[in-house]
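Visitor: need a 3D model of the sequence below.
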Amino acid sequence: MGLTQPSSAASDAASAVPDHKAVHVTVSGYVQGVGFRYFTRASAQRSGVVGWVRNTDDGDVEIWAEGAEKRIQQFIEAIRRGPSQSEVRDVVLSWQPPLGHFRSFHIRD
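Guide: Okay, the predicted model is just below:
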């Protein structure tokens, strides 16, 4: 399932905020079946970022997060630690233009 393209108005609005960033994250390790997605949502809400998280078919966790760069950095620090039952082996970041249409952070199926 690919990322949907934002309307130009949403994209323009996101780009108009200079500190608004977006990052696509892939987390690998022992990260499924240990509450990682719920931990991620709670961490995003605490950090004030929006977007989504989902499990992938290959055992990783995929995340899209948007917000102020400082808030995203706080969020990524939490993701690198993960919940106590997990074992995060690798976190791959890919900074992207923000889509600007998210209003909350949710878990995708």
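Visitor: residue ranges of the helices in the protein, please?
Guide: Secondary structure of the chain (DSSP state H): helices at 8-16, 36-47, 69-81.
Visitor: ok, and what's touching stretch 35-47?
Guide: Here stretch 35-47 makes contact (C-beta atoms under 8 Å, 6 or more residues apart in numbering) with 27, 50-51, 53-55, 61, 63, 65, 67, 71-72, 74-75, 78-79, 82-83, 85-86, 105-107. Where you see a C-beta, it was placed from the backbone N, CA and C, and this is true even at glycine.
Visitor: mean pLDDT lowest where, among the helices of the chain?
Guide: Among the helices of the chain, helix 8-16 carries the lowest mean pLDDT, at a mean of 48.
Visitor: so how far is stretch 97-109 from its chain's centroid?
Guide: Taking C-alpha atoms, centre = their mean, to the nearest Å, one finds stretch 97-109 lying 8 Å from the centre of the chain it belongs to.
Visitor: can you measure across that stretch, start residue to end residue?
Guide: 24 Å (C-alpha to C-alpha, to the nearest Å).
Visitor: again with stretch 85-105
Guide: This stretch, stretch 85-105, spans 22 Å end to end (C-alpha to C-alpha).
Visitor: for stretch 19-39, same thing?
Guide: Length of stretch 19-39, first residue to last, C-alpha to C-alpha: 25 Å.
Visitor: stretch 56-65 now?
Guide: Taking C-alpha to C-alpha as the measure, stretch 56-65 stretches 16 Å from start to finish.
Visitor: residue 83 touches residue 33, doesn't it?
Guide: No: Residue 83 lies out of contact with residue 33 (C-beta atoms under 8 Å); the separation is 11.1 Å.
Visitor: those two: which is more packed in?
Guide: Neighbour count, other C-beta atoms under 10 Å: between residue 83 and residue 33, residue 83 has more, with 17 against 10.
Visitor: state the pLDDT value of that one.
Guide: Note for residue 83: predicted pLDDT of 98.
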